[in-house]
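# Show me how the following folds:
(one chain, ligands or ions: 1)
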Amino acid sequence: MNKATRSLIRDGSILLALWVVLWAMTGNLWVSGTLVAIAGWLQSARARVLIHRFIQDQDLSVLPLLNSPESDVAYITQQQQRQMLRQRDRLQEQLEQINTALRSVDRGFVLLGDQNQLRWFNVGAERYLGLSRVDLGKPLDQYLRDPAFGPMMGPITSNQLVVAPSPKDPERTFEYNAFPDGEQGKVIIVRDVTRLRQLEQTRSDFASNVSHELKTPLTVIKGYAEQLGDMAEQLPQPVGKAIHQIQNQSARMQDIVEDLLWLNRLESTQLVDPTALQLDTLFQQVREEALVLAQTLNRTPDIRIEVDERGLNGNHREILTAARNLTFNALRYGPPDVQIDMVWRVREDRAELMVKDNGMGIPRSHIRRITERFYRVDPGRDRESGGTGLGLAIVKHVAERHGGKLRVRSLVGKGSEFICQFPLERLVEPPKPVVVD
Ligand code: ADP
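Below you'll find the model as predicted:
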């Protein structure tokens, strides 16, 4: 028998004995019963008062006045209460630390509710967006009115990036990164990218100016080299060789200048003229061009094409160039009988344009950087391959301008996969077959 049952039997026996004594004294069953009930109620009321004093006032002196199960309950409750207080203090301390960290970082953090209402923000957000405590509960849309924020203000399932002017100072440029938070809320992180943008602009202007300045002299050099080339047979052999070199190198420089100018345009303009592209026609064209290049390189590639019947809503020149750059790379960095697969396929949540080869592959440590301008895995060897060093940078920009991204998977000695992933919104239904009666 446990402690609580024993105590219950003891209290019950006392009350029963009291009832019998009172009954004997008063001779009335009901009166004695009522008196016993009052005594029982008084006892439990006293226990409640004592437990309350113990827990609320931490008054240890009441413990001996309680009988055993009550004092146990009081003790356990008090222990739990202490534990909860300790836990609360710990959480409070952690919260303080997080708050201090968020105060000192040079970013604005904003927590939004399901209606974009402001639930919390840090000092950075106050500074960047001009928010103050009185704005809590108000919708953030009131402060970020630029139409670019439209998609970010709707329900989101993955992170959304918007670059837009500061709501307080149109001279400054901010980057707003929104992440889904729980079922319907959002976290927005704001940072000032004005300086970064200025530097990028300076770099881009410089590249564009240099390219423009080089265009005319290069055309002149190439023109004269061609004229001299026509007379090569009448000239001494070393001179003929030098002219041939001048022709080759000026053509290469012209390609670089053209690619640099185009890359700059891709960086500084919005996507224009998207049309419904049929990837099988586009791939066929690239395949034919690759076979011509293969002949000049003395190679015999096997190029296969696999396409989904749905099309892509994109800019023809840009998508053609992206497919061409990837296929020509596969040809140049593969074995003489390289196998190249050009694939257009639709996945559950995206559409993919992939060029796959069984070439030399790219070491893991280089993959992160190969889309940088002029980055080469093996500078000496790759420069000889005839590329401009800008091919993948162009492909990456093309993918991003179409709302997608470029993914690279590669294994040294096995081959590479370059995949331009596009959102499903860019898919176009295939043209309906014409029915002739
Ligand atoms: P490049 O004109 O030098 O080919 P890219 O930007 O097209 O410039 O490519 C950058 C580098 O990535 C190349 O120099 C090469 O080292 C590597 N690369 C690109 N495609 C492939 C491929 N299919 N297989 C192996 N390496 C590749």
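
# CA atoms for contacts and neighbours, from now on please.
Fine.

# ranges for the strands of the chain?
Using DSSP state E, the strands of the chain run over 108-112, 118-121, 160-165, 173-181, 185-192, 275-277, 302-307, 311-314, 339-346, 350-357, 405-411, 415-423, 427-428.

# what's the angle from the third one to strand 173-181?
Translated: strand 160-165. Taking axes from the mean of the first three to the mean of the last three CA atoms, to 10 degrees, one finds strand 160-165 and strand 173-181 inclined to each other by 150 degrees.

# now the first one
Direction vectors for strand 108-112 and strand 173-181, defined by the same axes, to 10 degrees, enclose an angle of 40 degrees.

# residue contacts, the residue most central in space within the chain?
Nearest to the geometric centre of the chain sits Asn159, at 4.9 Å (CA atoms, centre = their mean). Listed by CA atoms under 8 Å, 6 or more residues apart in numbering, the contact set of Asn159 reads Asn177, Ala178, Phe179, Pro180.

# Need phi/psi at it.
Dihedral pair for Asn159: phi -70, psi 150, per degrees, to the nearest 10.

# What's the separation between it and Asp181?
10 Å (CA to CA, to the nearest Å).

# If I follow the layout properly, Gly113 ends up in contact with Gly185?
Yes - here Gly113 reaches Gly185: they are 4.5 Å apart, a contact under CA atoms under 8 Å.

# wait, which of the strands of the chain is closest to Leu50?
strand 118-121 (42.8 Å; CA to CA).

# Mind giving me the packing neighbours of that closest one?
strand 108-112 (3 or more CA pairs under 8 Å, 6 or more residues apart in numbering; DSSP states H and E).

# all helices of the stretch 151-300 of the chain, in order?
194-230, 237-268, 279-297 (DSSP state H, counting those that start in this stretch).

# Just the terminal-to-terminal distance for stretch 382-395.
18 Å.

# How about the contacts made by Leu161?
Here Leu161 is in contact with Met152, Glu175, Tyr176, Asn177, Ala178 (CA under 8 Å, 6+ apart).

# Tell me the buried residues within those.
Applying 16 or more other CA atoms under 10 Å to the contacts of Leu161, the neighbour count classes Met152, Glu175, Tyr176, Asn177, Ala178 as buried.

# if we can go back for a sec, please produce a markdown table containing the helices of the stretch 151-300 of the chain, extended by mean pLDDT.
Listed next are the helices of the stretch 151-300 of the chain as a markdown table, based on pLDDT from 0 to 100:
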| stretch | mean pLDDT |
| --- | --- |
| helix 194-230 | 90 |
| helix 237-268 | 89 |
| helix 279-297 | 96 |
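
# any chance of the ones you listed in JSON lines, plus mean neighbour count?
Below are the helices of the stretch 151-300 of the chain laid out as JSON lines (neighbours: other CA atoms under 10 Å):
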{"stretch": "helix 194-230", "mean neighbour count": "15"}
{"stretch": "helix 237-268", "mean neighbour count": "16"}
{"stretch": "helix 279-297", "mean neighbour count": "16"}
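
# For the ligand, which of these is the nearest?
Taking CA to the nearest ligand atom, helix 237-268 is the member of the helices of the stretch 151-300 of the chain nearest to the ligand, at 9.2 Å.

# does the ligand sit close to the closest one?
No - taking CA under 6 Å from any ligand atom as the criterion, helix 237-268 and the ligand are apart, separated by no less than 9.2 Å.

# Pull the most distant pair out of the contacts of Leu161.
Using CA to CA, those span at most 12.4 Å, a distance reached by Met152 and Glu175.

# what touches both of these two?
Common contacts of Met152 and Glu175 (CA under 8 Å, 6+ apart): Leu161, Val162.

# Skipping adjacent residues, who's closest to the closest residue to the ligand within the stretch 201-350 of the chain in space?
As assessed by CA to the nearest ligand atom, the ligand sits closest to Ala330 within the stretch 201-350 of the chain, at 3.9 Å. Ranked by CA to CA, 6 or more residues apart in numbering and with sequence neighbours excluded, the top spatial neighbour of Ala330 is Asp357, at 5.8 Å.

# Stretch 96-104: which residues count as buried?
Of the residues in stretch 96-104, those buried (16+ other CA under 10 Å) are Leu102, Arg103.

# What of stretch 392-405?
392-402, 404-405.

# could you pick out which of those residues are near the ligand?
Applying CA under 6 Å from any ligand atom to the buried residues of stretch 392-405, those adjacent to the ligand are Leu392, Ala393.

# re the thing from before, out of the buried ones among the contacts of Leu161, which comes closest to the ligand?
Glu175 (27.4 Å).

# these two touch, right, that closest one and Gln160?
No - taking contacts as CA under 8 Å, Glu175 lies outside contact range of Gln160: 10.5 Å.

# circling back to that earlier point, ok, so of the contacts of Asn159, who is nearest Ile246?
Asn177 (49.5 Å).

# With adjacent residues omitted, what lies nearest to that closest one?
Leu161 (4.6 Å).

# any idea how far that neighbour is from the ligand?
26 Å (CA to the nearest ligand atom, to the nearest Å).

# In JSON lines, list the contacts of Asn159 along with pLDDT and distance to the ligand.
Putting the contacts of Asn159 into JSON lines (pLDDT from 0 to 100; distance: CA to the nearest ligand atom, whole Å) gives the following:
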{"residue": "Asn177", "pLDDT": "93", "distance to the ligand": "28"}
{"residue": "Ala178", "pLDDT": "93", "distance to the ligand": "31"}
{"residue": "Phe179", "pLDDT": "92", "distance to the ligand": "32"}
{"residue": "Pro180", "pLDDT": "90", "distance to the ligand": "34"}
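
# wait, which of these is closest to Ala37?
Looking across the contacts of Asn159 and measuring by CA to CA, the closest to Ala37 is Pro180, at 61.2 Å.

# got the contact list for that closest one?
Ile156, Thr157, Ser158, Asn159, Lys186, Val187 are the contacts of Pro180 under CA under 8 Å, 6+ apart.

# Not counting its neighbours along the chain, what's nearest the last one?
By that I understand Val187. Leaving out its chain neighbours, Val187 is closest to Leu111 (CA to CA, 6+ apart), at 4.7 Å.

# so what's that neighbour scoring on pLDDT?
pLDDT recorded at Leu111 is 94.

# Least reliable of the strands of the chain by average pLDDT, please.
strand 160-165 (a mean of 89).
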